[in-house]
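# Next input, structure requested:
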Amino acid sequence: MNWLLLVAAGLLEVGWAVGLKYTEGFTKFWPSVWTLGAMLLSITLLGLAMRDLPVGTAYAVWTGIGAIGTVIVGIYLLGDPATAGRLISIALILLGIIGLKLSS
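This is a model prediction of the structure:
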C-alpha cells in the first residue's frame, strides 16, 4: 500500500510541476488552486508512504517519478525537445527507481 501511495504522490508531483506553468506566476486563480492542491496532496501522500518506507528511497522515487513524468508531459503536451540525451537521462532515472524498489 505504501508503494501505491508513493506512486500517487509522484503523479501528483507531475501535476503540480506542470500546473506551475499554467499559473503564470500564481496570477491565474484556478490553475493556482489546482497546483497548490496537488502540492498539498502530493506531500501528504509522500508523508504517509514514508511511515514504512526508508526516507531516502521514498524521496528519491517520488522525485524520480515527478522528474520523468514532467519531462514526458513537457515533450508530449508542451513541445519540449525530445533529444537523445533527454531520453537517455529519463531511462537512467527509471533504472534508478527500479533499483531502489528492488533493494527496499
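
# And the residue nearest the centre of this structure?
Centroid-nearest residue in the chain, with C-alpha atoms, centre = their mean: residue 66, separated by 1.7 Å.

# which residue sits closest to it in space, ignoring its chain neighbours?
Of all residues not flanking residue 66 in the chain, residue 13 sits nearest, at 3.4 Å (C-beta to C-beta, 6 or more residues apart in numbering). For every residue, glycine as well, the C-beta is placed using N, CA and C.

# Just give me the neighbour total for the residue nearest to residue 18 when sequence neighbours are not counted.
The shortest distance from residue 18 to any non-neighbouring residue, by C-beta to C-beta, 6+ apart, is to residue 73 (5.2 Å). Using other C-beta atoms under 10 Å, the number of residues around residue 73 comes to 16.

# try residue 47
So residue 47, with other C-beta under 10 Å, has 12 neighbours.

# Could you do the one 3 residues further on as well?
Neighbouring residues of residue 50 were enumerated by other C-beta under 10 Å; the total is 18.

# swap in the one 3 residues further on?
For residue 53, the count of nearby residues is 21 (other C-beta under 10 Å).

# so after whichever helix in the chain runs longest, what's the next helix or strand?
The single longest helix within the chain, with elements called by DSSP state H, is helix 55-78. Later in the chain than helix 55-78, the nearest helix or strand by DSSP states H and E is helix 84-102.

# Alright, calling it a day.
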